[in-house]
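1. The amino acid sequence is not available; the structure is as follows:
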Ligand SMILES: O=C(O)[C@@H](CO)OP(=O)(O)O
Ligand SMILES: [Mn+2]
Ligand SMILES: [Mn+2]
């Protein structure tokens with residue numbers, strides 16, 4: 001994995017720093033765009049006075065099945081880190097189902113065999129067609145296949161979305177799904193929703209930001225401990241009438257009959273966690289599979305056959321049993337740099353820490369070279385982010401500036417969570433504040449990078465804060481009965497900025513002949529800035545020598 005010194009690009013004399021503004025895209029429209037509405041004089045100045053282009057950050061450009069699919073942090077950071085586009089989880093699972101490959105694997109056979117010995121087959125995961133973490137079609141295909149293979153009892157544990165799909169769309173999924181289950185049910189096939197709750201309340205924590213979420217999920221799904229309802233529909237309507245929360249924040253619920261939960265998880269059962277994306281799947285997978293486990297009190301661990309939709313961590317091999325082979329993201333930028341003696345530094349706050357480490361390195365939680373790599377996590381607040389839209393951007397910047405000044409690192413990367421995490425709340429004012437907080441940090445950080453003779457790349461992994469209003473099919477802003485705009489909490493399909501901030505006469509310019517450039521073109525660019533030629537099969541660099 002030796003990198004060739006470039007004959008065209010001299011190595012940047014100072015550090016090269018990639019700044020990922022998570023969820024900051026470039027929208028073609030004005031209304032509902034918190035990025036444009038925010039007063040960001042510094043970002044505006046960098047965009048106006050340095051070489052800038054737009055990068056594709058959604059759809060096939062990042063390995064999603066179609067160009068209707070928005071981007072997300074996993075596919076975005078995988079593309080940054082790998083310098084190439086790999087078919088991603090969403091696509092691999094869909095293909096594995098349509099080819100029938102999934103049903104032929106060991107994992108599926110073991111799951112079905114367990115259920116046919118008298119266990120219940122449980123499916124647990126994010127219940128929408130967002131295609132960021134999961135897709136409801138994958139769930140349906142598995143239920144139908146289980147029935148066909150003679151499984152007698154299936155229970156569903158549904159995590160309500162409202163983050164990758166409309167903020168209050170849960171019933172649009174639940175109601176037709178109940179009708180679908182009615183069609184499948186027979187004297188030989190008992191299938192029902194057993195528990196659920198909002199994805200930001202239970203089960204889907206990530207990067208150990210808040211284990212209490214996973215504990216709440218465990219109690220609901222496994223132990224059947226929680227507020228009881230006759231149906232998911234009733235639970236959703238009741239919670240909505242009691243508190244003004246969007247789907248992702250709905251509390252957990254247990255479906256019960258005569259006071260008895262419909263589907264606790266017990267010895268001899270099989271459990272499939274049907275999300276393909278790993279960050280928010282790792283903690284619950286650990287809870288189901290680790291014999292020694294300290295993050296929370298599980299009670300006696302039920303002996304179940306547990307399978308993940310994919311293997312979520314290539315380093316820890318978690319979970320050991322999985323239905324679809326994850327993409328083989330190899331020879332990443334991080335690995336090349338490590339093998340060529342280049343020092344690296346990665347920093348973010350908890351909510352995005354794994355994005356610049358685990359996702360960046362092709363879904364591996366470890367390092368390539370302990371001695372050459374420093375990873376820093378600034379603990380995130382555990383509050384609704386519309387209450388603290390600045391999040392930890394100032395603290396991240398304090399620490400990053402010290403790292404840049406130390407001169408110890410040739411290549412640094414940072415993710416600022418604000419545009420994304422606050423964008424997901426659907427709160428327009430908070431998203432504007434988030435962008436303004438971020439702008440102040442750029443004004444602190446960039447001059448230090450330039451003072452150290454370095455180069456900064458300002459970019460993003462996908463859009464989010466750039467569209468805060470839901471649009472109808474014709475592209476018009478939707479309004480509720482009182483005439484207020486309806487919030488859009490999900491990512492967008494918009495491109496993202498790529499700004500190259502360096503000292504005078506850098507010796508290179510942006511190429512003009514790459515109209516379809518995307519996030520995967522960034523890695524080769526970084527290698528060129530560090531004075532190396534990129535590997536042959538990396539997507540082309542965005543710069544050319546003067
Ligand atoms: O919060 C998340 O899990 C996703 C949206 O589902 O956002 P991101 O891809 O930016 O991490
Ligand atoms: Mn992101
Ligand atoms: Mn996001």
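-> Noted; the coordinates are in hand. Note that the structure is a prediction, hence the values are computed from the model and not measured. Ligands and ions are numbered 1, 2, ... in the order given.

2. Which helix runs longest in this structure?
-> Criterion DSSP state H: the longest helix present in the chain is helix 428-451.

3. That one vs ligand 1: in contact?
-> No: judged by Cβ under 6 Å from any ligand atom, helix 428-451 makes no contact with ligand 1; its nearest approach is 13.5 Å. No exception for glycine: its C-beta is placed from N, CA and C like everyone else's.

4. Equivalent analysis for stretch 134-143, please.
-> No: figure legend: stretch 134-143 not in contact with ligand 1 (Cβ under 6 Å from any ligand atom); closest approach 9.7 Å.

5. do the same with stretch 372-383
-> No: on the criterion Cβ under 6 Å from any ligand atom, stretch 372-383 is out of touch with ligand 1, staying 12.3 Å away.

6. Can you pull out the residues in contact with that stretch?
-> By Cβ atoms under 8 Å, 6 or more residues apart in numbering, the surrounding residues in contact with stretch 372-383 are 207, 209-210, 334, 337-338, 341-351, 353, 356-357, 367, 388, 391-392, 395-396, 399, 403, 408-409, 417.

7. Out of those, name the ones that lie in helices.
-> In this view, the contacts of stretch 372-383 that belong to helices under DSSP H are 334, 337-338, 350-351, 353, 395-396, 399, 403.

8. Can you select the buried ones from the residues you listed in PyMOL?
-> Buried residues among these (16 or more other Cβ atoms under 10 Å), as a PyMOL selection:
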select buried, resi 334+337+338+350+351+353+396+399+403
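
9. and of the ones in helices among the contacts of stretch 372-383, the nearest to ligand 2?
-> Within the ones in helices among the contacts of stretch 372-383, proximity to ligand 2 (Cβ to the ion) peaks at residue 351, which comes in at 9.7 Å.

10. mind listing the strands for the stretch 1-150 of the chain?
-> Applying DSSP state E, counting those that start in this stretch to the stretch 1-150 of the chain gives strands spanning 16-21, 52-55, 121-126.

11. same check, this time on the stretch 351-500 of the chain
-> 373-378, 411-416, 455-459, 496-501.

12. Out of those strands, which is the most enclosed?
-> Of all these, strand 411-416 carries the top mean neighbour count, a mean of 27, counting by mean count of other Cβ atoms under 10 Å.

13. Quick one: mean pLDDT over it.
-> The pLDDT scores in strand 411-416 average 99.

14. just so I know, which of the strands of the stretch 1-150 of the chain lies nearest ligand 1?
-> Among the strands of the stretch 1-150 of the chain, strand 121-126 comes nearest to ligand 1, with 8.0 Å by Cβ to the nearest ligand atom.

15. who does that closest one touch, helix- and strand-wise?
-> helix 106-116, helix 136-148, strand 153-160, strand 270-273 (3 or more Cβ pairs under 8 Å, 6 or more residues apart in numbering; DSSP states H and E).

16. Mind pulling up the pLDDT for the residue in the stretch 101-250 of the chain that ligand 2 sits nearest to?
-> Nearest residue of the stretch 101-250 of the chain to ligand 2, counting by Cβ to the ion: residue 132, 9.7 Å away. Note on residue 132: pLDDT of 98.

17. quick one on the thing from earlier: now render the strands of the stretch 1-150 of the chain as a markdown table, adding distance to ligand 1, mean neighbour count and mean pLDDT.
-> Converted to a markdown table, those look like this (distance: least, Cβ to the nearest ligand atom, whole Å; neighbours: other Cβ atoms under 10 Å; pLDDT from 0 to 100):
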| stretch | distance to ligand 1 | mean neighbour count | mean pLDDT |
| --- | --- | --- | --- |
| strand 16-21 | 10 | 26 | 99 |
| strand 52-55 | 16 | 19 | 98 |
| strand 121-126 | 8 | 27 | 99 |
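
18. Between these, which one is closest to residue 85.
-> Closest approach to residue 85 among the strands of the stretch 1-150 of the chain is made by strand 52-55 (12.3 Å; Cβ to Cβ).

19. So which residues on the stretch 401-546 of the chain come close to ligand 2?
-> Residues of the stretch 401-546 of the chain lying close to ligand 2 by Cβ under 5 Å from the ion are 420, 461.

20. pLDDT of the longest helix of the chain, averaged?
-> Mean pLDDT, helix 428-451: 98.

21. what's the answer for stretch 290-298, then?
-> On average, the pLDDT along stretch 290-298 is 98.

22. Show me which residues of that stretch are buried.
-> By neighbour count with 16+ other Cβ under 10 Å, stretch 290-298 contains the buried residues residue 298.

23. how far is it from where the chain is centred?
-> Relative to its parent chain, stretch 290-298 has a centroid offset of 25 Å by Cα atoms, centre = their mean, to the nearest Å.

24. Who are the contact partners of the nearest residue to residue 135 once chain neighbours are set aside?
-> Counting by Cβ to Cβ, 6 or more residues apart in numbering, residue 135 lies nearest to residue 129, which is 5.5 Å off, once chain neighbours are set aside. By Cβ under 8 Å, 6+ apart, residue 129 lies in contact with 135-137, 165, 173.

25. sorry, back to before: out of the ones in helices among the contacts of stretch 372-383, which is nearest to residue 85?
-> Closest approach between those and residue 85, by Cβ to Cβ: residue 334, at 17.2 Å.

26. And the longest helix of the chain, how far out from the chain middle?
-> In terms of Cα atoms, centre = their mean, the centre of helix 428-451 is found 23 Å from the chain centre.

27. Check stretch 216-229 too.
-> Worked out by Cα atoms, centre = their mean, stretch 216-229 lies 25 Å from the chain centre.

28. again, but for stretch 211-224
-> 21 Å.

29. Name the residues of it that come out as buried.
-> Buried residues in stretch 211-224, counted by 16+ other Cβ under 10 Å: 213-224.

30. now these in TSV, with secondary structure and distance to ligand 2?
-> Listed next are those as TSV, based on DSSP: H, G, I helix; E, B strand; the rest coil; distance: Cβ to the ion, whole Å:
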residue	secondary structure	distance to ligand 2
213	helix	19
214	helix	21
215	helix	26
216	helix	25
217	helix	23
218	helix	27
219	helix	30
220	helix	27
221	helix	27
222	helix	30
223	helix	33
224	coil	34
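
31. residues contacting whichever residue of the stretch 201-350 of the chain sits closest to ligand 1?
-> Taking Cβ to the nearest ligand atom, ligand 1 has its nearest neighbour within the stretch 201-350 of the chain at residue 280, 5.5 Å off. When contacts are counted by Cβ under 8 Å, 6+ apart, residue 280 touches 133, 199, 204-206.
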